[in-house]
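Student: with the sequence up front, the predicted model follows.
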Amino acid sequence: MTGIRPLTAHRHRSGVLLTGALCLTLAAGWAVHHGIQAAQYGHHSSRLAVVWATTFLLLATQTVMYHCERPRRVTPRARRQLDALHVAVLLPVYNEDPGYLRLGLESFLAQTRRPTSVHVVDDGSTTGDYRLLRGWWLAAADAAGIATTWQRTPNGGKRHAQAAAARACPEADAYVTVDSDSCLAPNALEEILLPFARARVQSVAGIVLATNHRRNLLTRVTDLWFVTGQLTDRSALSATGAVLVNSGPLAAYRAPVVRDNLDSYLNERFLGRPVMFSDDSLLTLYALLRGSAVQQPTAVVFTALPERPSHFLRMYMRWMRGSTIRSVWRFRYLPLSGWAYWAHLLRWFQVALSTGVLGWLLIVEPIVYGRTPPATFLVVPFLVGWAQALRYLSVARSDERLWGRLVTWLLMPLAVIGAWTALRAARWYGVATCARTGWGTRQNGAEVTLDEAPAAALPDDDTVRMRIPVAKLLDPDTETTLTMPIPHQRTATPMHEGTAR
């Protein structure tokens, strides 16, 4: 270990933030009403009145639901049982920047609850074999009492690397999946295991923050959009145990969820083609078929966001294509008796409704009726966005003061404009091109690298900026069918409330 204080973050609940969210939501409702009246679409009522009412009802319901999410807490007895679990970390690596990879490995050593074992699989990287980093890690893990393996396999994709890591530890009670650029907050592993004290919980998602959020405007806006989505949409789903997609940088699964479905996981096909992406959502689907999937908002991980528009677009297209494919399996396999099915259906309804309304206001009304929406209508999405993004301000980071987060929060209009224009078009393009099932990134090496120069330290107070040690670690030697095997429905080993096994 380097002795450098690790990067941390925590949630704080504030009556000011809650009051602000409610006030801005009410202001948004007023603006919608004012926009309808100003547009004068009808003599007595608006043609879109039902749409506005439905939209506002959905927004209000979601607001209530995400405020109902609470971090899981356990009894001392349950904590002791959770501590006794064999927790194996699965870490696939492919053409990752050595600085980010070492940062993540160091974070395992700094955990308040260290993993029982860590299994690294180099999936045939072409930019180096991480020889020096591997030697350092094996020695550091041994000194810390963490069992570890590091294997290099022919390139087969992330799923195959994860499967190789899981097979290296068949005795695990729980698997924690991370990415090669994941850096865990010191208590992340301890926190993400707590929901497993409930027998029904099969998977747990962590909260993802950006390591490089201040790199440029794109990373700031992406971090704002991404964190807000986790703390609104996914928090609302978590309150019902129906999280649809776990976080790739940090998620935990009961071991049978992974082990019993490895064949299905490795052989998913769509339109006759093997699916290389959307691995996290498929594992979450397996978890939902056995019980509930939740989010633990106190389990925080930091990851590297795309720093160039082209990189971001490739990532987003992969998400949208994967989301389309996963939707087919959710409609096919999720039980109608579960909330997850209806939450998924409602999500598609909202996407279709918002797209239809946008087209109606910008095309049909002006052309057919000769009326254009009032300027006040344009304010509504920004008010809603700012209200929801107050959740972003509830995350306190050790490397940034509140004023820095406020600057990012003020950028929400850029995120809203991007979501309503470029990302909306990309979503539907992803639906249309979902048969393109390749990964598409990092083929020529890491696209984001860690700066070697440490950040300047903040004054001596409760907030410390992260300093990152980075070694020179690179070695110079460098049939049109829908088929997904039906997942195993076998129930995991029963775990009673308040117990861990």
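Tutor: Perfect, thanks for sending it. Numbers count the residues shown, from 1 in each chain.
Student: may I have the beta-bridge partners of the nearest residue to Ala147 once chain neighbours are set aside?
Tutor: Distance criterion Cβ to Cβ, 6 or more residues apart in numbering; nearest residue to Ala147, sequence neighbours excluded, is Ser117 at 4.0 Å. All C-beta spots, glycine's among them, are computed from the backbone N, C-alpha and C. According to DSSP bridges, the residues that bridge with Ser117 are Ala88, Ala147.
Student: what's the local residue count around Ser117?
Tutor: Using other Cβ atoms under 10 Å, Ser117 has 20 other residues around it.
Student: likewise for Val50?
Tutor: 10.
Student: tell me which element it falls in.
Tutor: Val50 belongs to helix 49-67 when assigned by DSSP states H and E.
Student: can you give me the buried ones in stretch 398-417?
Tutor: Neighbour counts over stretch 398-417 (16 or more other Cβ atoms under 10 Å) mark 398-400, 405, 408-409, 411-412, 414-417 as buried.
Student: so which of the residues you listed sit within helices?
Tutor: Here DSSP state H is the test, and those give 405, 408-409, 412, 414-417 as lying in helices.
Student: so which residues of the stretch 351-500 of the chain form helices?
Tutor: For the stretch 351-500 of the chain, helices defined by DSSP state H, counting those that start in this stretch occupy the ranges 379-393, 402-409, 412-420, 422-432.
Student: same list (these) but as CSV, adding distance to Ala140.
Tutor: As requested, the helices of the stretch 351-500 of the chain are exported to CSV (distance: least, Cβ to Cβ, whole Å):
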stretch, distance to Ala140
helix 379-393, 34
helix 402-409, 32
helix 412-420, 39
helix 422-432, 41
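Student: for those helices, which one sits closest to Val221?
Tutor: helix 412-420 (5.1 Å; Cβ to Cβ).
Student: returning to that earlier point: got TSV for the buried residues of stretch 398-417, with pLDDT and distance to Ser180 too?
Tutor: Shown next, in TSV, are those (pLDDT from 0 to 100; distance: Cβ to Cβ, whole Å):
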residue	pLDDT	distance to Ser180
Ser398	88	23
Asp399	89	21
Glu400	90	24
Arg405	91	27
Thr408	95	26
Trp409	93	30
Leu411	95	28
Met412	93	30
Leu414	94	29
Ala415	93	27
Val416	91	32
Ile417	91	32
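Student: including distance to Ala389, could these go into TSV?
Tutor: Shown next, in TSV, are the buried residues of stretch 398-417 (distance: Cβ to Cβ, whole Å):
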residue	distance to Ala389
Ser398	21
Asp399	20
Glu400	15
Arg405	10
Thr408	9
Trp409	5
Leu411	9
Met412	5
Leu414	11
Ala415	8
Val416	9
Ile417	14
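Student: list the residues that contact the residue nearest to Ala147.
Tutor: Ser117 makes contact with 86-89, 146-149, 169, 172 under the criterion Cβ atoms under 8 Å, 6 or more residues apart in numbering.
Student: return the member of the residues you listed nearest to Gly370.
Tutor: For the contacts of Ser117, the nearest to Gly370 is Val89 (61.6 Å; Cβ to Cβ).
Student: contacts only, for Gln202.
Tutor: Applying Cβ under 8 Å, 6+ apart, the residues contacting Gln202 are 253-254, 257, 286-288, 290-293, 492.
Student: that one and Glu447: what is the separation?
Tutor: Distance, Gln202 to Glu447, using Cβ to Cβ, to the nearest Å: 33 Å.
Student: likewise for Arg234?
Tutor: For Arg234, the distance to Glu447 - Cβ to Cβ - is 25 Å.
Student: try Ser182
Tutor: 16 Å.
Student: how about the strands in the chain?
Tutor: Using DSSP state E, the strands of the chain run over residues 9-11, 87-93, 117-122, 147-152, 174-178, 183-184, 201-210, 250-254, 269-270, 273-274, 292-303, 395-397, 482-483.
Student: where's the fifth one relative to the chain centroid, distance-wise?
Tutor: Remark: strand 174-178 is offset 14 Å from the chain centroid, using Cα atoms, centre = their mean, to the nearest Å.
Student: ditto for the third one
Tutor: Once both centres are worked out by Cα atoms, centre = their mean, strand 117-122 turns out to sit 21 Å from its chain's centre.
Student: repeat that for the longest one.
Tutor: Taking Cα atoms, centre = their mean, one finds the center of strand 292-303 at 8 Å from the center of the full chain.
Student: tell me which other helices or strands it touches.
Tutor: strand 9-11, strand 183-184, helix 188-193, strand 201-210, helix 235-238 (3 or more Cβ pairs under 8 Å, 6 or more residues apart in numbering; DSSP states H and E).
Student: for Leu482, report the pLDDT, please.
Tutor: If you check Leu482, the pLDDT there is 37.
Student: can you check Met276 too?
Tutor: For Met276, the pLDDT comes out at 87.
Student: and it, how many neighbours?
Tutor: When neighbours are counted by other Cβ under 10 Å, Met276 registers 19.
Student: ok, it touching Ile325?
Tutor: No: Met276 is beyond contact range of Ile325, at 10.9 Å (criterion: Cβ atoms under 8 Å).
Student: ok, now which ones touch Leu414?
Tutor: Per Cβ under 8 Å, 6+ apart, neighbours of Leu414: 217, 221.
Student: quick one: it from Gly124, how far?
Tutor: 38 Å.
Student: contacts only, for the residue nearest to the spatial centre of the chain.
Tutor: Nearest residue to the geometric centre of the chain (Cα atoms, centre = their mean): Ser247, 3.5 Å. Ser247 sits next to 205-208, 230, 280, 301 when contact means Cβ under 8 Å, 6+ apart.
Student: ditto for Arg308
Tutor: Arg308 sits in contact with 218, 447, where contact means Cβ under 8 Å, 6+ apart.
Student: now the helices for the stretch 201-350 of the chain?
Tutor: Under DSSP H, counting those that start in this stretch, the stretch 201-350 of the chain gives helices at 217-229, 235-238, 255-259, 262-266, 279-288, 309-333, 339-359.
Student: still on that earlier bit, ok, Ser182 and Glu447, which is more surrounded?
Tutor: Comparing Ser182 with Glu447 by other Cβ under 10 Å, the one with more neighbours is Ser182, at 29 against 18.
Student: so what's that one closest to, chain neighbours aside?
Tutor: Nearest residue to Ser182, sequence neighbours excluded (Cβ to Cβ, 6+ apart): Pro249, at 4.3 Å.
Student: and for Leu231?
Tutor: If the residues on either side of it in the chain are set aside, Leu231 comes closest to Arg391, at 3.9 Å by Cβ to Cβ, 6+ apart.
Student: test my guess that the one you found contacts Thr232.
Tutor: Yes: shown here, Arg391 and Thr232 form a contact pair, counting by Cβ under 8 Å, at 5.9 Å.
Student: okay, these two: which has more neighbours?
Tutor: Thr232 (24 against 21).
Student: residues in contact with that one?
Tutor: 62-63, 66, 388, 391.
Student: returning to what we had before: and which of the contacts of Ser247 is nearest to Ala242?
Tutor: Nearest to Ala242 among the contacts of Ser247, with distances taken as Cβ to Cβ, is Ala205, at 11.7 Å.
Student: how many neighbouring residues does the closest one have?
Tutor: Look at Ala205: counted by other Cβ under 10 Å, it has 30 neighbours.
Student: can you tell me how far it is from Pro249?
Tutor: 10 Å.
Student: now do the same end-to-end measure for stretch 283-302.
Tutor: Start-to-end span of stretch 283-302 (Cα to Cα, to the nearest Å) is 21 Å.
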